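*Asks:* Next input, structure requested:
(one chain, ligands or ions: 1)
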Amino acid sequence: MKKIGVLTSGGDAPGMNAAVVAVALNAAMYGIPLVGIKRGYNGLLRKSESLSDDMEELRLDTVLDIADRPGTYLRTARCAEFMDPQWRKFAADTLRAMDIGGLVVIGGDGSFQGARHLCHLGIPCIGIPGTIDNDLAYTEMTLGYDTAVNVCVDAVRAIRATSRSHDRPHVVEVMGRHCGDIALTTAVSTGAEIVLVPEVRWSVEKVAARLREQIAKGNYRTTIIVAEGCWESMEPFDMYTFLNAHGKRCYEGEPISAYRFASILKRMCGNVEARATVIGYTQRGEQPTARDSAFAFEAGNLAVRLLRDGISNQVVGMREGKVFYMSIDEALKEKRHFRRELYNLVNRM
Ligand code: F6P
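*Replies:* Have a look, this model is predicted:
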């Protein structure tokens, strides 16, 4: 193998830098030069003015210091052009022209689709799951998920303290795109009383009834954890008519949000002072936890070993607590399993 390339793609995730360092360590150990590709697949499409803005020779002494840093040193992006076969061919040609004989792709589902296409164009690729969402079925964890959950747990514990002081319920929105894992694990870890996720259909009226039950039992500081994708699985609710009829100005067609949901619950539950917090990007920008860093280290190590041994078109993951690899095509076919029993337990259903 003449050279190896590495890129981070999609939303940044804590642990991406640690994975790049692990790749660099291994490449250095085998004496294989490493090229860092900037801004995901965009770097391969040579979108910048200068080559140095698209690619960088990654020397071990340059990257060693980034292992525990949040964000991604290589930068990241989502690359719409990569849906186009002509651009993918351009990328494969760029890699060949640069003598890059193998590519490590650190990213989520979309990034793996890109890697799969490059594999079919003859570029050996290995994927490392890097996304806070934990939405890749083949692996027990993705890089950044543990850190994101810990950020949410810290935030919810603080919110529950102020909720208790003021006797008021709180809606907390967490990330996860179409996956409710961050929300569910946060709820389980904090004692939250209600959790709403995209995987399970729910209705505003039933949540309000559950909140009223809590209030009737003397619990005024109920925490309702909502996954950002939970609005997809909400039964139709006419927020415009409801809020306007209850003295809160709302615009027709306005999408529901955690803040609007808190306003609705307040009005459905006897004017209880419900509040809302959206945790947002702090989930992505935190320093990686030990669990994420350790996974990154092992995943980066395995990725380079596989390329060096001539094994490609694989993704690295975690199963029964152990790092493993499997075919990228098979991995992308696996169906996610949502832990419904935990969801029922939190919601006391
Ligand atoms: O995929 C990670 C993620 O943080 C999702 O949880 C979220 O929906 C999305 O990225 C946000 O993306 P962007 O950075 O484009 O706003």
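
*Asks:* Can you get me a residue count around residue 232?
*Replies:* When neighbours are defined as other Cβ atoms under 10 Å, residue 232 has 12 of them. Heads up, the C-betas are built off the backbone N, CA and C, glycines and all.

*Asks:* Now it: closest residue in space, sequence neighbours ignored.
*Replies:* residue 198 (4.9 Å; Cβ to Cβ, 6 or more residues apart in numbering).

*Asks:* Can you pull the phi/psi pair for the one you found?
*Replies:* With angles defined as degrees, to the nearest 10, residue 198 sits at phi -70, psi -20.

*Asks:* Now for it, how many residues are close by?
*Replies:* Neighbours of residue 198 using other Cβ under 10 Å come to 22.

*Asks:* Same check on residue 150?
*Replies:* Count around residue 150 with other Cβ under 10 Å applied: 20.

*Asks:* didn't it look like it was pressed against residue 283?
*Replies:* No - Residue 150 is not in contact with residue 283 according to Cβ atoms under 8 Å; the separation is 9.2 Å.

*Asks:* now residue 261: how far from residue 39?
*Replies:* In this view, residue 261 and residue 39 are 35 Å apart by Cβ to Cβ, to the nearest Å.

*Asks:* Look at those two and report which has more neighbours.
*Replies:* residue 261 (25 against 22).

*Asks:* Tell me which helix or strand the more buried one sits in.
*Replies:* According to DSSP states H and E, residue 261 maps onto helix 258-268.

*Asks:* Which residues outside that helix are in contact with it?
*Replies:* For helix 258-268, the external contacting residues (Cβ atoms under 8 Å, 6 or more residues apart in numbering) are 169-173, 204-205, 207-208, 211-212, 224, 226, 237, 239, 242-243, 246, 248, 250, 254, 272-278.

*Asks:* gap between whichever residue of the stretch 51-200 of the chain sits closest to the ligand and residue 228?
*Replies:* As assessed by Cβ to the nearest ligand atom, the ligand sits closest to residue 175 within the stretch 51-200 of the chain, at 3.4 Å. In this view, residue 175 and residue 228 are 5 Å apart by Cβ to Cβ.

*Asks:* Could you look up the SS state of the closest residue to the ligand within the stretch 1-150 of the chain?
*Replies:* With Cβ to the nearest ligand atom, the shortest gap between the stretch 1-150 of the chain and the ligand falls at residue 11, namely 3.3 Å. Of the three states, residue 11 takes coil under DSSP: H, G, I helix; E, B strand; the rest coil.

*Asks:* Next, it: phi, psi?
*Replies:* According to degrees, to the nearest 10, residue 11 has phi -70, psi 140.

*Asks:* Name the residues that touch the stretch of helix or strand residue 25 belongs to?
*Replies:* Element membership of residue 25, judged by DSSP H and E, is helix 16-29. With contacts defined as Cβ under 8 Å, 6+ apart, helix 16-29 is touched by 4, 6, 8, 33-34, 36, 58-60, 63-64, 66-74, 76, 104, 106, 128, 130, 143-144, 288, 292-293, 296-301, 303-305.

*Asks:* could you redo the last one with a cut-off of 6 Å?
*Replies:* 4, 6, 8, 34, 58, 60, 63, 66-67, 69, 72-73, 104, 106, 128, 130, 288, 293, 296-297, 299-301, 304 (Cβ atoms under 6 Å, 6 or more residues apart in numbering).
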